[in-house]
Each structure stands twice: as C-alpha cells, then as structure tokens.
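Visitor: sequence and predicted model, in that order:
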Amino acid sequence: TFPVKLWVLVNSPCVRSVRWDARGEGLVIDQGLFEQELLGAGPGAAEEEELFKTKNFGSIIRQLNLYGFHKLTVSPASSAGGDTSYPDGPLHHFWNPHFRYDRPDLLVKIKRLTKANKEKLDAGLEVTSRLPDDFQ
C-alpha cells in the first residue's frame, strides 16, 4: 500500500529524497531529488522496478492527500536551515497522525479516503485495513 511504501522509503538509508522531520512525526520530501531518485525523472534515477505507477510528482501529492496527509510549512525545526528551496527543488513537509517514526503499528490506521470510507468515517464507523505480512 502507499503508506507502507512511504514507510520503507523514509526508513531506507539508500533514499535521500524522503526523510523524517526533526521530531519523527512528519515527512519531508525534496521534490527535485524525489523526482530523480524515485520517479525516474533524471540522471540519478533508480534502475529498479518502479515504486509508483506515475512519473508525475503531483500524483504523489494527490496520493498523500487521499491517505490523509496534510501539508505543513517547512520550518527550521523540520529541516536543516529551514529553507524551503534546495538545489534539487522545493521541500514539502507532510503530517499524518498515524505516520510516526517510532510507531509502524499505526500504519493500519491510515486509510485511503474513498467515498465509501469517507461515508463510514462520517457515520462514526471504523474503517479497517491490514498491514502486509512483513509488518506484523
């Protein structure tokens, strides 16, 4: 699932474009580097199989929004120097209450906001999902 892919990326020592914020409660994405490393849009592109079904960074932002991530302004506490623009491109800071450095068990609470799931949540019902076997 998309949240599990993000979890793997942000915790991978090989991926430089996605990292935890200073508090381990948010995700910081270097857009230009992300496009090169993970979307195959440049000379540093990975030659492995594609992680995402898109090469468009805007589609990644839409997926983050669909899974309940909220964009925050990048601050000095969340990135080195606090600059929102780096040589590779702008930084994007996202937060989801269930996406935390020390709590992989919370990933099951991140739901895609489909029409059916939104109706369940609005009715006060729980939307359930299951973690992949390697996270249980």
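Guide: Cool, got the structure.

Visitor: who are the contact partners of the spatially most distant residue from the centre of the chain?
Guide: Most distant residue from the mean C-alpha position of the chain: residue 123, 27.2 Å away (CA atoms, centre = their mean). The contact partners of residue 123, by CB atoms under 8 Å, 6 or more residues apart in numbering, come to none. Every C-beta, even on glycine, is put in place using the N, C-alpha and C of the backbone.

Visitor: check what pLDDT it gets.
Guide: On pLDDT, residue 123 comes in at 80.

Visitor: again with residue 21
Guide: For residue 21, pLDDT reads 94.

Visitor: I'd say it and residue 29 touch.
Guide: No. Assessed by CB atoms under 8 Å, residue 21 is found out of contact with residue 29, at 10.6 Å.

Visitor: got any residues that touch both of those two?
Guide: residue 93.

Visitor: more neighbours: these two, which one.
Guide: More neighbours surround residue 29 than the other of residue 21 and residue 29, with 25 against 19 (other CB atoms under 10 Å).

Visitor: okay, now the residue nearest to that one when sequence neighbours are not counted: neighbour count?
Guide: Spatial nearest neighbour of residue 29, excluding adjacent residues (CB to CB, 6 or more residues apart in numbering): residue 92 at 4.6 Å. Residue 92 is flanked by 21 other residues according to other CB under 10 Å.
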